[in-house]
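Undergrad: Everything below, folded, please.
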Amino acid sequence: MLHLRTERLDLVAATPELLQAERMGPVHLEKKLAAHVPPSWPPPLNDEQSLRWTVEQLGKDPGAVGWFAWYFLHREHKELRAIGVGGFRGRPAGDGTVEIGYSIVPESHRFGFAPEAVQALVDWAFSHPEVKRVTAQTLPELKPSIRVLEKCGFRFTGKGTEEGAIGFERVRGESG
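TA: Residues are numbered from 1 along each chain as shown. So this is what the prediction gives:
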């Protein structure tokens with residue numbers, strides 16, 4: 001199992017088995033993650049369609065674990081609690097670019113978990129020499145999401161590729 005650890009979080013890369021457990025429901029996901037999954041699961045903007053897409057992508061490229069979804073688990077005392085998901089849209093493109101995304105369950109907002117998780121994922125991506133740039137998109141009205149990116153050293157690049165989105169990037173070697 002691919003796993004990252006930060007000061008307060010464990011990040012666990014989604015595998016076909018974890019994704020199947022999530023599709024079967026919170027009780028199954030709790031068992032596979034060995035972590036409490038809150039009733040508010042899944043985090044905003046994560047739904048059956050995004051879950052299905054991730055399952056399909058890993059099905060096509062089973063060796064790409066880590067280049068798609070990661071579960072964010074908060075270490076509370078001696079227990080783990082699922083607080084969000086994030087990850088990449090796939091392996092690096094030919095120019096060395098990966099796109100990152102993230103979402104935290106509402107009750108875990110404003111505790112600094114998103115920047116902590118995003119920074120860990122960016123560091124992991126840059127640990128691969130082929131990654132030259134990490135991009136992100138968000139909506140202009142999602143000020144907390146923009147702030148997460150700024151805290152992690154991303155800079156505004158203008159219009160995003162998705163309808164209504166704005167883009168950000170962090171280039172290898174720039175501080176975060």
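Undergrad: residue contacts, Glu7?
TA: Glu116 (CB atoms under 8 Å, 6 or more residues apart in numbering). (Glycine included, C-beta is placed from N, CA and C.)
Undergrad: longest strand in the chain, by residue count?
TA: The longest strand of the chain (DSSP state E) is strand 79-88.
Undergrad: Quick check, pLDDT for Ser175.
TA: Each residue has a pLDDT score; the one for Ser175 is 65.
Undergrad: cool, Leu2 as well?
TA: The model reports Leu2 with a pLDDT of 93.
Undergrad: The one 5 residues further on now?
TA: According to the prediction, Glu7 has pLDDT 96.
Undergrad: now Val171
TA: In this model, Val171 carries a pLDDT of 97.
Undergrad: Tell me how many other residues surround the residue nearest to it when sequence neighbours are not counted.
TA: Leaving aside its chain neighbours, Val171 sits nearest to Arg133 (5.1 Å; criterion: CB to CB, 6 or more residues apart in numbering). By the criterion of other CB atoms under 10 Å, Arg133 has 18 neighbours.
Undergrad: does Arg133 have beta-bridge partners, and which?
TA: Following DSSP bridges, Arg133 is listed with bridge partners Thr97, Val171.
Undergrad: Next one: it from Ile83, what distance?
TA: In this view, Arg133 and Ile83 are 27 Å apart by CB to CB, to the nearest Å.
Undergrad: ok, now Thr97?
TA: 27 Å.
Undergrad: neighbour-wise, which of the two wins?
TA: For the pair Thr97 and Ile83, the greater number of neighbours falls to Ile83 (29 against 16), based on other CB under 10 Å.
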